[in-house]
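**Q** Provide a 3D model corresponding to the input given below.
(chains A and B)
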Amino acid sequence: MGNMLTVSSSPHLSSGATTKRIMLDVIISLVPASIAAVVFFGWKSLVLIAVCIVSCVALEYICRRVMKRKNTTGDLSAVVTGLLLALNLPSGINPLIAVFGCIVAIVVVKQMFGGIGNNFVNPAITARIVLLVSFPVHMTTWEKPFEWLRTADSVTGATPLAMMAQGDKTSYLDLFLGNTGGCIGETCVLALLLGGIYLVIRRVISPIIPLCFIGTVFVLSFLLGGDPLFHIMSGGVMLGAIFMATDYTTSPMNPLGKVIFGIGCGVITVLIRLYANLPEGVSFSIILMNILVPHIENLTRTKPFGKEKKNEKA
Amino acid sequence: MQKKSLFKEFSKGIIKENPVLCLVLGTCPTLAVTTQASNAIGMGVAATIVLICSNAAISLLRKVIPGKVRIPAYITIIAGFVTMVQMLVKAFAPAIDEALGIYLPLIVVNCIILGRAEMFASKNSVIPSMVDGLGMGVGFTAAMLLMGSIREILGAGTFFGIPITSGFMDPILVFILPPGGFFVFGMLVALSSKLSGQKKAAEDISCAKCPMNKTCSKVNGEEGKCNG
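**A** Predicted coordinates for the structure are as follows:
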């Protein structure tokens, strides 16, 4: 008799959305960018992606094992972290350096703070920043696209943002298709947009953060005398705005918070690009806003319907 | 009997009450100067000398110093010894003086030295106080040397200035930068508490043991947040 009635609290309807399903959607949405990476930068990018994914999953398994916690490698979140980290690296980088990045992302940022859902900053972004600070030469040695087809030796070139600093301009078409130097996954705007549209249609991400992020970069770079189209299509803006800034754990929950988060990312990115020593500021903007998320959440907390007014200050 | 307890006073500073890894005192110089193993030793030795001398002086004067002005009195005594050490270092090891920079005079306000003066030297006789100072100093130096070695080997690829990892490993620069200092420090604290098997029981952080519990409104049965 007791088995016939199931008593539970709401919600009673399930959309079927599981962590695994969401992570799988993110992986699918990153496929175009990964293909673009391999097309532009050759088999080395494929090796890099494979190394990052394998080491992230392996490290997650080892960590959970050592910490005597439930094995969570099945939820594919480590695969997403590995893939995102790989897409944030230059093609010529030593795979061992990439493995060090995976250790930072999975062991330090993710598992030491309690695993999926408990990290206070985005693991892939943090790993990228740690690598950038630790190996400044390796992380800023960019190979030119398609050079892997022509010569065995790698030919290095500057990124569009670095070229802009010297006065050279890259054509909009090259930027849009990704025919420029840069991290393997950030150059092809077309592939990143395809992935972003898929995520929005599948309702994995809300478009608020990417739109605010990219919109702010567009408007602010225009106001400060830059070329707005160039700024949103170069560097890591697309990759960061669509895939990194929208990480559930490290972005605000309600729409107003998302707007503040996106605008903050955009402002910091433009300020770093135009006024700081570094050519690119996307990763730093995202990590800084990640740290501010708890405060944004507090400021934008929604009031429950019908709540008594006198309790507001309590 | 007395010898055994003296040894105990000495050894507690190295492992059980290691000032850096267990008491978490003196973290400012620990994080700032451990970019090289040699800096760590220089800082550790300087602090140890000050610690022994100030513990001895404060222990000798413990019945003379009035309780109400004891902190200024301790600081003055410590500052005297720090000035002497600083002059000696400047004269005989100018390279270390340059590497330690502001952190050498800042030994005056080092929590370890003031903490040992307050916790130990003001309540014990001269010899145990000096031994306590020596033990704490050795513990401080050992922890700093460990941190300095890890950071120097990984972050610069050298150990005491001698290159050892060139050829097979690129230095991971982040380790000699401030974030790397915090990272190594956190790892060492975690490791030492794991090795010493000290599990902080829940009651250690309860209101009963909170230093504010006499004035705290929560304990006194009133509504409000914990002051501590």
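**Q** contact partners of whatever helix or strand A:I209 lives in?
**A** Element membership of A:I209, judged by DSSP states H and E, is helix A:208-223. Here helix A:208-223 makes contact (C-beta atoms under 8 Å, 6 or more residues apart in numbering or on different chains) with A:196, A:227-229, A:231-232, A:237-238, A:240-242, A:245-246, A:251, A:255, A:258-259, A:261-263, A:265-267, A:269-270, A:273-274. From N, CA and C alone the C-beta is placed, and that goes for glycine too.
**Q** Which residues does whichever strand or helix holds A:T81 contact?
**A** A:T81 is located in helix A:77-87, with elements delineated by DSSP H and E. Contacts of helix A:77-87 from elsewhere in the structure, counted by C-beta under 8 Å, 6+ apart, are A:19, A:23, A:26-27, A:30, A:33-34, A:37, A:45, A:48-49, A:51-57, A:59-60, A:72, A:98, A:101-102, A:105-106, A:110, A:116, A:123-124, A:127-128, A:183-186, A:239, A:243-244.
**Q** Contacts for the helix or strand that that helix is followed by, please.
**A** Moving toward the C-terminus from helix A:77-87, the next helix or strand (DSSP H and E) is helix A:95-102. Here helix A:95-102 makes contact (C-beta under 8 Å, 6+ apart) with A:47-48, A:51-52, A:55-56, A:59, A:81-82, A:85-86, A:89, A:127-128, A:130-131, A:134-135, A:138, B:170, B:172.
**Q** can you rerun that using 6 Å?
**A** A:48, A:51-52, A:55-56, A:59, A:85, A:89, A:127, A:131, A:135, A:138 (C-beta atoms under 6 Å, 6 or more residues apart in numbering or on different chains).
**Q** what do you get for stretch B:108-122?
**A** Stretch B:108-122 is contacted by residues B:19, B:25-26, B:51, B:54-55, B:58-59, B:62, B:74, B:78-79, B:82, B:129, B:132, B:136, B:140 when judged by C-beta under 6 Å, 6+ apart.
**Q** do that again at 8 Å, thanks
**A** Contacts for stretch B:108-122 (C-beta under 8 Å, 6+ apart): B:19, B:23, B:25-26, B:28-29, B:47, B:50-51, B:54-56, B:58-59, B:62, B:65, B:70-71, B:74-75, B:77-79, B:82, B:107, B:128-129, B:132-133, B:136, B:140.
**Q** Nearest the middle, which residue of chain B would you pick?
**A** B:G26 (4.0 Å; C-alpha atoms, centre = their mean).
**Q** what's near enough to touch that residue?
**A** Taking C-beta under 8 Å, 6+ apart as the criterion, B:G26 is in contact with B:19-20, B:47, B:110-112, B:140.
**Q** try it again with 7 Å
**A** B:G26 makes contact with B:19-20, B:110-112, B:140 under the criterion C-beta atoms under 7 Å, 6 or more residues apart in numbering or on different chains.
**Q** before we move on, the earlier item: now intersect the contacts of stretch B:108-122 with the helices, please.
**A** Mapping the contacts of stretch B:108-122 onto helices (DSSP state H) picks out B:28-29, B:47, B:50-51, B:54-56, B:58-59, B:70-71, B:74-75, B:77-79, B:82, B:128-129, B:132-133, B:136, B:140.
**Q** so where's chain B shaky on pLDDT?
**A** Applying pLDDT under 70 to chain B flags residues B:1-4, B:167, B:198-228.
**Q** all strands in it, in order from the N-terminus.
**A** Using DSSP state E, the strands of chain B run over B:158-159, B:162-163.
**Q** any idea how far the closest residue to chain B within the stretch 151-300 of chain A is from A:G266?
**A** Here the stretch 151-300 of chain A gets closest to chain B at one residue, A:I287, 11.5 Å apart by C-beta to the nearest C-beta. As defined by C-beta to C-beta, to the nearest Å, A:I287 lies at a distance of 15 Å from A:G266.
**Q** re earlier: and the strands of chain B, which is most packed in?
**A** The highest average neighbour count among the strands of chain B, using mean count of other C-beta atoms under 10 Å in any protein chain shown, belongs to strand B:158-159 at a mean of 16.
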